[in-house]
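Novice: When you get a sec, could you give me coordinates for this:
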Amino acid sequence: FTAGQLKTHWLAGDDIDWEKIYSTGYQHKLALPAYAFAREIFELPNTRTATLASAIAHPQSNQIEAPLLKQPLDQWFYTTGWQSWYSANRSGMVHHANHPILAFVDDLPFTQELLSILKSEEADVIQVQHGDNYRQLDKNHYQIETHNAQSYRELFKQVLIGQPYQILYFCGTQYNVIDINESPDLALNKANADIEKGLLFAQALAAMEIDYPVNVHLMGSGLFEVTGDEVIDPVALAISGFFSVLAEEIPLLNCKILDTGSHTKNNRHQHHTIAKIIVNNLFNPELPDVLAYRGKQAFARNIQPLALPERIKNPSTICIKQQGTYLVTGGFGGVGSTLANYLAGQWQANLILVSRTALPERNTWNSFIADNPAENKIVSAIQLIQQLEQKGSRVLYFAADIGNYAAIQEVINNAEHTFGEIHGVIHA
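Specialist: From the prediction side, this is the model:
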C-alpha cells in the first residue's frame, strides 16, 4: 500500500495488519507536543450528567436544575433488595473450545456435583486443588499451595496461555459451623486464612496484566439474606465483598457473585438442581453481578429507596442518650469527626474515638501544635478532641487496628472501666 491508500482504508474502518506492514523496518519513536488541559463541556440534553457537568464547569452559576438541589432527608437513604430473576437467553453451555474453564475447587458435595455437570456438557475444565506445592498432576489437573503467592503466579503463567473464558472460585466454607466454645483468635485465624487465599489469587491475576476479557464467578453459600431464614456465613460474606470490587481494580475482569443457597451435605437432588441452573447460565451475558439461588428460583440484588419512619425524620426522637457513651471508629476521618461533633454538640456524649493514628502525650499537645503546621493530621486530631471537650464531652482516644480482636477488646475494657456501659457504636 502507498501511504494514501493506507489512509483511505483506515478512514473506511478496515482492519489493517499493522505488524505486517511495519515488520520490515525500524520504527522511530515520535514525541507529540503536549496540550493544555482545557475544560470543554459537551452537553447531553435532559440528563443529570449534563447538568452536573455544567455545574462543575461553571461553579459561579446558580442555574442548577431541580435534580441537583438538596433532597429532603427522607430521600437520602437506600437499601439492598432482591427481585426474581429470569433470563430468556438459554444459551446453555455454549463455549469456545480454546477458552477452557479454570476452576479453583474444594471437596464439598455441591462443588463436585457442579463439576460433574460441566464434564457431562463436555466443557474443558481445568481443576485447581490445594496441595503442598505447585505442580501439574495431568493435562486438566493442578495443585497449588493456596497460601503461597508464587504458586498462583506459576499457575497463571501456565494456564492463562489458553485464555480461559471463565474462572470459577469456590469459597470452600459452605458447611462452616460456628463453635461458641472456640476462641475468637482461632476463629479469626481461620477466617483470615480463607480471605488471604482470595487476596493472593487477585494479586497474581492482576500481575498477569491480561489483555482479554476474563469472567470470574465466586460461588459460596450463606452470603446473603434473601428469604429471611438463611444462616449467614461471615467468612464467605467477607470473601464475596472482596471479590465484588476486583473488577474495579483489574481492567477487563468481570466478577459475578453467586450465592448457591443453603445445602445439606447429603441432599444430592438439591445440589443437582441448583448446579444445573448455574451451569445453564454460566455463559449468559445477561447474568447479574450478584445472584442468589433459592430452591429453583434465582434472585438478583438491586438498590431500592428506603422510606424512613416518621420518628426518625424528627431528630428529637432519635434514641441517643444524653451524656451516653458512644464508640466511633475512624474518629478522625471526615464522617467520624462530623458525627462525633454532632454527638458532642447535641448530647454532650462520652466519646471513644478509635483510629490507627497515634497521638503524643496530652501534656505535650500545646507544644506539638505550636511546632507543626495546621494541616498536620496529628495537629488536626488533637484540635478535634479539644473541640469536642469544649462542647461538654469527655473523650477517650485509642490508637488501634479494628481488625485486631485483642486490640479492640482492650479498647472496650478500658472504655467501660472509665465510662461504664457503651450505648452505641458508629463504624465510620
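Novice: Okay, helices next: where are they in this structure?
Specialist: 3-11, 18-21, 48-57, 109-120, 149-159, 184-207, 234-244, 246-249, 268-280, 310-313, 334-347, 365-371, 377-390, 405-419 (DSSP state H).
Novice: what does the average pLDDT come to for the longest one?
Specialist: Translated: helix 184-207. Across helix 184-207, the average pLDDT comes to 80.
Novice: And that helix, what does it pack against?
Specialist: Other elements packing on helix 184-207 under the criterion 3 or more C-beta pairs under 8 Å, 6 or more residues apart in numbering; DSSP states H and E are helix 149-159, helix 234-244, helix 246-249, helix 405-419. Quick note: C-beta positions are derived from backbone N, CA and C, even for glycine.
Novice: just for the protein, where's the confidence low?
Specialist: Where the chain drops to pLDDT under 70, the residues are 1, 24-70, 89-99, 162, 164, 173-182, 184, 187, 263-266, 311-317.
Novice: in it, which residue is closest to the centre?
Specialist: Closest to where the C-alpha atoms of the chain average out (C-alpha atoms, centre = their mean) is Val245, at 3.5 Å.
Novice: Just the C-alphas of stretch 238-245, formatted as PDB.
Specialist: Output of stretch 238-245 as PDB, limited to C-alpha atoms (Å, rounded to 0.1, in the frame of the first residue of the first chain):
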ATOM      1  CA  ALA A 238     -16.200 -11.300  53.700                       C
ATOM      2  CA  ILE A 239     -14.700 -13.100  50.700                       C
ATOM      3  CA  SER A 240     -17.600 -12.000  48.500                       C
ATOM      4  CA  GLY A 241     -17.200  -8.400  49.500                       C
ATOM      5  CA  PHE A 242     -13.500  -8.600  48.500                       C
ATOM      6  CA  PHE A 243     -14.300 -10.200  45.100                       C
ATOM      7  CA  SER A 244     -17.100  -7.700  44.400                       C
ATOM      8  CA  VAL A 245     -14.500  -4.900  43.900                       C
END
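Novice: Would you check how far apart the residue lying farthest from the centre of the chain and Lys276 are?
Specialist: Distance from the C-alpha centroid of the chain, by C-alpha atoms, centre = their mean, peaks at Thr2 (51.4 Å). Between Thr2 and Lys276 the computed distance is 59 Å (C-beta to C-beta, to the nearest Å).
Novice: if we can go back for a sec, what's near enough to touch the residue nearest to the centre of the chain?
Specialist: Taking C-beta atoms under 8 Å, 6 or more residues apart in numbering as the contact definition, Val245 lies against nothing.
Novice: Next, it: phi, psi?
Specialist: Val245 adopts backbone torsions of phi -100, psi 0, taken as degrees, to the nearest 10.
Novice: and it, how far is that from Gly198?
Specialist: If you go by C-beta to C-beta, the gap between Val245 and Gly198 works out to 11 Å.
Novice: cool, and Asp371?
Specialist: 44 Å.
Novice: higher neighbour count, the two?
Specialist: Gly198 (21 against 10; other C-beta atoms under 10 Å).
Novice: Do I have it right that that one meets Phe242?
Specialist: Yes: the criterion here is C-beta atoms under 8 Å, and Gly198 meets it with Phe242 at 5.4 Å.
Novice: Figure out which of the helices of the chain is closest to Thr79.
Specialist: Thr79 lies closest to helix 310-313 among these, at 13.5 Å (C-beta to C-beta).
Novice: So for Gln166, which of the helices of the chain sits nearest?
Specialist: Closest of these to Gln166 is helix 109-120, at 9.9 Å (criterion: C-beta to C-beta).
Novice: Next, the angle helix 268-280 makes with the closest one.
Specialist: Using axes from the mean of the first three to the mean of the last three C-alpha atoms, to 10 degrees, the inter-axis angle of helix 109-120 relative to helix 268-280 is 50 degrees.
Novice: now helix 109-120, how far from the centre of its chain.
Specialist: 28 Å (C-alpha atoms, centre = their mean, to the nearest Å).
Novice: what's it packed up against?
Specialist: Counting contacts by 3+ C-beta pairs under 8 Å, 6+ apart, helix 109-120 packs against strand 101-104, strand 125-130, helix 268-280.
Novice: buried ones in that helix?
Specialist: Using 16 or more other C-beta atoms under 10 Å as the test for burial, helix 109-120 gives Pro109, Phe110, Thr111, Glu113, Leu114, Leu115, Ile117, Leu118.
Novice: Most widely separated two among those residues?
Specialist: Pro109 and Leu118 (15.1 Å).
Novice: out of the helices and strands packed on helix 184-207, nearest to Val290?
Specialist: Smallest distance to Val290 across these (C-beta to C-beta): 7.4 Å, for helix 234-244.
Novice: Confirm for me that Gln365 is in contact with Ile382.
Specialist: For the record, residue 365 is Trp, not Gln. Yes: when contacts are counted by C-beta under 8 Å, Trp365 is listed as touching Ile382 (5.0 Å).
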